[in-house]
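S.K.: Model the following, please.
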Amino acid sequence: MFSISQLVEAARAGDGAAVIARTNVKALNRSLTYQIVGAYLQRIGATRRISPAERMLVNTYGASIADAMVSKMLTADRLTRILKSGSFDGSEKIPSFSGIAALANLRTDDILGLIGRLNIVKPVLLSIRLSESTDPDSYAAISMHYEGLDWKLAGIDLPRAVVRDLAASLPVR
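M.R.: Reported below is the predicted structural model:
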């Protein structure tokens, strides 16, 4: 719980360096990229059948485009703003988004409330629900991975609407 408290305090303070120090940026990038590519595949699959070759192309080429977009979102300042406010001011071909429950609003002093939001995915991976609701359209959570002697931010589960908007910004073939 101490690691979560430190990350929450860093987000509240707007301390980008402390947030990045408590983040596995590579794992976080991968988490967001997979969500965006998955939503993109759902979007194009809603109107037609996706061939295996096209699926492979999207998973490689589309992932590289989504990865570049996510990398721009994961600078120390931008990630800290996302965690602090639950929103992102669009820039560089990345749409703005809001409506994510802010990590900074998580009450780390309420241990029972925090335990109620906790989901043990694996012994070394915890998911902490940020949203008040468990409804899939508004659900938001963070994933913390145990690394060395500390837990680090390794993923952010974005609400479906936000992921769809990010996927919609990817080029359509």
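
S.K.: For the residue nearest to the spatial centre of the chain, give me its contacts.
M.R.: The centroid of the chain falls nearest to residue 156 when counting by Cα atoms, centre = their mean (2.5 Å). Shown in contact with residue 156 (Cβ atoms under 8 Å, 6 or more residues apart in numbering): 28, 31, 32, 82, 100, 140, 141, 142, 143. For every residue, glycine as well, the C-beta is placed using N, CA and C.

S.K.: Wait, the last one touches residue 32, no?
M.R.: So that's residue 143. No: judged on Cβ atoms under 8 Å, residue 143 makes no contact with residue 32 at a distance of 11.0 Å.

S.K.: Spell out which residues are contacts of both of the two.
M.R.: Shared contacts of residue 143 and residue 32, defined by Cβ under 8 Å, 6+ apart, are found at 155, 156.

S.K.: other SSEs contacting the worst-scoring helix or strand of the chain on mean pLDDT?
M.R.: Least confident element among the helices and strands of the chain, by mean pLDDT, DSSP states H and E: helix 52-57 (a mean of 74). Here helix 52-57 touches no other helix or strand, going by 3 or more Cβ pairs under 8 Å, 6 or more residues apart in numbering; DSSP states H and E.

S.K.: Flag the shaky bits of the protein, pLDDT-wise.
M.R.: 1, 46, 57, 59, 92, 172-173 (pLDDT under 70).

S.K.: In it, mark out all the strands, start to finish.
M.R.: Applying DSSP state E to the chain gives strands spanning 118-122, 125-129, 141-147, 150-157.

S.K.: Which positions within the third one qualify as buried?
M.R.: Pointing back at strand 141-147 there. Across strand 141-147, burial judged by 16 or more other Cβ atoms under 10 Å covers 141, 142, 143, 144, 145.

S.K.: Identify the residue spatially nearest to the first one, adjacent ones excluded.
M.R.: By the measure of Cβ to Cβ, 6 or more residues apart in numbering, the closest residue to residue 141 outside its immediate chain neighbours is residue 157, 4.3 Å from it.
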